[in-house]
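fold the following, please.
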Amino acid sequence: MDRNADKEGGDSIGGWLNRNVLLFGLTSLLSDFCHEMATAILPQFMRTIGASAAVLGFIEGVADALSSFLKLGAGYQSDKIGHRKTWTAIGYLLTAIGKPLFAFAFAWPLILIGRVVAWLGRGIRGPLRDAMLAESVPSRYRGKAFGFHRAGDTAGAVLGPLAAFALLSLLARHPAFVQTLGRWVPFFADAPGGSFRIIFLLSLIPGLLSVVTFLLVKEKRRTPNHELDFIGAIRSMPKDYRYFLLGVGLFGMADFAPTLMILRASTVLEPQLGILEAARIAALLYLLRNAVYAAASYPIGALCDRFCRSRTLAVGYGIGAITFFGFAVALPALWWFTLCFASAGLFIAWEDTVEGAAVRDFVGESLAGTAYGLLGVVNGLGDFISSFVVGMLWTLASPAWGFSYAVIVAVGGTALMGTIRCRPAAK
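Numbering: from 1, shown residues only. Sure, this is the predicted structure:
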């Protein structure tokens, strides 16, 4: 075993698969189980309470945007105070309690509140967790560590929709259970979408377990830098990193929320299958997307350790543009959506893994939290714009118009990322 790797990355297998990396993977598995269990059924639930595609896009975009600004503040503050674990745990807790709020919604504003609470948690934890993960391994293994983490994260994203699908099937066969629950809990007696509400409540279990597992992570504390100035920290970001963020932001303006993919599949397949069966199939397609995401994350991470990360990321963005085109065309056939969702899993694995690993190629450890926070802001603003614009074009014109917008912008982001100069890992 490489002794230098041990010194930099801690006790490990092969210099990177250490206690922290394993615990980060398990924590994210449980947290994404909670998140995706609710996300897989959210579009169909919102239809039962009369919310439109434009409202769904607005909710997703607002939650992402608010979360993103919090990422920057949380990342900067962690660089200043020298530790990250406590606030990261709080972030996981907020994510866990946000989704069960959906169970009590009769109109979309409470969905917005629950989404914002959960996304504020993601905003706090995201840059801090990524900075802690980057510090847990040697730089030459960073892609593998992020790939492993994303694989664990997405394994939860596979289990969550699978659990939602199984529970929908179970409750459809046994409607008396929902009726019985209505007698025990008056709230459920006349509430539309009772089966969906039960699933939202059950999502609390894996969410709370994610908090427990994260508390076992060992933090590498640093000397506080109380003199760190916020504006100065932003201005000190290298010029190449700013160009990198510009490419990320342009592509992000095309990268709409996956709930719009689920809604696209369910509405196109509904005339053939009916609303409940289309919802179940859409949940399975989302499961496929997440399974591909989980399977592809580690190989992509290992690949970006060997090649220029910005150019590798441009390839992933290109796959994203092709994926958006598939949703724009949207043939009313199950095989077509199978290909689209599989491609969606591949490109999001590419995007999330390589973006996370690439940050430390540009920025050193002392400003890593701020740098990851900036990445979160750029991604969040892009998500807000993309989800809102696609949702509005869907409602005012047609779904094809919304997804065509995504294709055009994604091609521009791909081209820009391909021009960014490669950098060796920063210390």
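
please count neighbours and contacts with C-alpha atoms only from this point.
Will do.

least trustworthy helix or strand in this structure by mean pLDDT?
Every helix and strand of the chain was ranked by mean pLDDT, DSSP states H and E. The lowest is helix 3-9, at a mean of 41.

following element in sequence after it, please.
The helix or strand immediately downstream of helix 3-9 is helix 19-39, counting by DSSP states H and E.

what's the neighbour count on residue 306?
Using other C-alpha atoms under 10 Å, the number of residues around residue 306 comes to 12.

from residue 354, how far off is it?
Counting by C-alpha to C-alpha, to the nearest Å, the separation of residue 306 from residue 354 is 12 Å.

what of residue 398?
Computed as C-alpha to C-alpha, the residue 398 to residue 354 distance reads 33 Å.

so, low pLDDT: which residues of this structure?
For the chain, applying pLDDT under 70 flags the ranges 1-15, 53, 57, 61, 64-65, 81-82, 174-193, 221-226, 423-427.

wait, doesn't residue 417 sit right on residue 310?
Yes - counting by C-alpha atoms under 8 Å, residue 417 does reach residue 310; the two are 6.3 Å apart.

show me whatever sits in contact with both of those two.
Listed as contacting both residue 417 and residue 310 by C-alpha atoms under 8 Å, 6 or more residues apart in numbering are residue 244.

give the contact list for residue 249.
Applying C-alpha under 8 Å, 6+ apart, we find residue 249 in contact with 378, 379, 381, 382, 413.

element containing the third one?
Put plainly, it is residue 381. helix 368-396.

ok, then the element right after that helix?
By DSSP H and E, the next helix or strand past helix 368-396 is helix 399-417.

can you list contacts of that following helix?
Contacts of helix 399-417 (C-alpha under 8 Å, 6+ apart): 244, 247-256, 264, 310-311, 313-315, 317-318, 320-322, 324-325, 327-329, 386, 389-394.

helices - which of those land there?
Among the contacts of helix 399-417, the residues falling in helices (DSSP state H) are 244, 247-252, 264, 310-311, 313-315, 317-318, 320-322, 324-325, 327-329, 386, 389-394.

for ChimeraX, what selects the buried ones among the residues you listed?
Entered in ChimeraX, the line below selects the buried ones among the ones in helices among the contacts of helix 399-417, by 16 or more other C-alpha atoms under 10 Å:
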select :244,247,248,249,250,251,252,264,310,311,313,314,315,317,318,320,321,322,324,325,327,328,386,389,390,391,392,393,394
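
for the strand or helix carrying residue 231, list the C-alpha coordinates in CSV.
Assigned by DSSP H and E, residue 231 belongs to helix 230-235. Provided in CSV are the C-alpha atoms of helix 230-235 (Å, rounded to 0.1, in the frame of the first residue of the first chain):
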residue,chain,number,x,y,z
PHE,A,230,-16.5,36.6,1.7
ILE,A,231,-16.0,38.9,-1.2
GLY,A,232,-12.3,38.3,-1.1
ALA,A,233,-12.8,34.5,-1.1
ILE,A,234,-15.0,34.8,-4.2
ARG,A,235,-12.5,37.1,-6.0
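
now do the buried residues in that helix.
The neighbour-count check on helix 230-235 (16+ other C-alpha under 10 Å) flags residue 234 as buried.

how distant is that helix from the center of its chain?
Relative to the chain's own centre, helix 230-235 is displaced by 27 Å; criterion: C-alpha atoms, centre = their mean, to the nearest Å.

who's in contact with that helix?
Residues outside helix 230-235 that contact it (C-alpha under 8 Å, 6+ apart) are 76, 367, 370.

and what of stretch 75-92?
Contacting residues not belonging to stretch 75-92 are listed as 31, 120-129, 132, 207, 210-211, 214-215, 219-228, 230, 233, 366-373 [C-alpha under 8 Å, 6+ apart].

now restrict the residues you listed to buried residues only.
31, 120-129, 132, 207, 210-211, 214, 219, 366-373.

to which secondary structure element is the closest residue in space to residue 147 that isn't next to it in sequence assigned?
Nearest residue to residue 147, sequence neighbours excluded (C-alpha to C-alpha, 6 or more residues apart in numbering): residue 298, at 3.9 Å. Assessed by DSSP H and E, residue 298 sits inside helix 275-306.

tell me what angle that helix forms with helix 19-39.
Calculated by axes from the mean of the first three to the mean of the last three C-alpha atoms, to 10 degrees, helix 275-306 forms an angle of 160 degrees with helix 19-39.

quick check: angle from the host helix or strand of residue 120 to helix 19-39?
Element membership for residue 120 (DSSP H and E) is helix 108-135. Interaxial angle of helix 108-135 relative to helix 19-39 (the same axes, to 10 degrees): 160 degrees.

quick check: chain neighbours aside, which residue is closest to residue 110?
Distances taken as C-alpha to C-alpha, 6+ apart place residue 102 nearest to residue 110, at 6.8 Å, with adjacent residues excluded.

my guess is that neighbour meets residue 111, correct?
Yes - assessed by C-alpha under 8 Å, residue 102 is found in contact with residue 111 at 5.5 Å.

which helices and strands sit right next to the helix holding residue 120?
Under the contact criterion of 3 or more C-alpha pairs under 8 Å, 6 or more residues apart in numbering; DSSP states H and E, helix 108-135 touches helix 19-39, helix 53-81, helix 85-98, helix 142-173, helix 334-362, helix 368-396.

try it again with 7 Å
On a contact count with 3 or more C-alpha pairs under 7 Å, 6 or more residues apart in numbering; DSSP states H and E, helix 108-135 meets helix 53-81, helix 85-98, helix 368-396.

give me the buried positions along the second one.
Along helix 85-98, the positions that meet the burial threshold by neighbour count (16+ other C-alpha under 10 Å) are 85, 87-98.

relative to helix 85-98, how tilted is the helix or strand harbouring residue 199?
Using DSSP H and E, residue 199 falls within helix 194-202. With the same axes, to 10 degrees as the basis, helix 194-202 and helix 85-98 are set at 160 degrees to each other.

which other helices and strands contact whatever helix or strand comes next after helix 194-202?
Toward the C-terminus, helix 194-202 is succeeded by helix 204-214 as the next helix or strand (DSSP H and E). For helix 204-214, the packing partners by 3+ C-alpha pairs under 7 Å, 6+ apart come out as helix 19-39, helix 85-98.

nearest to residue 165, out of these?
Nearest to residue 165, of all the helices and strands packed on helix 204-214, is helix 19-39, at 8.8 Å by C-alpha to C-alpha.

and residue 47, how many residues sit next to it?
15.

any idea how far it is from residue 266?
11 Å.

what of residue 209?
31 Å.

those two: who's more crowded?
Using other C-alpha under 10 Å, the more surrounded residue of residue 209 and residue 266 is residue 266, with 25 against 18.
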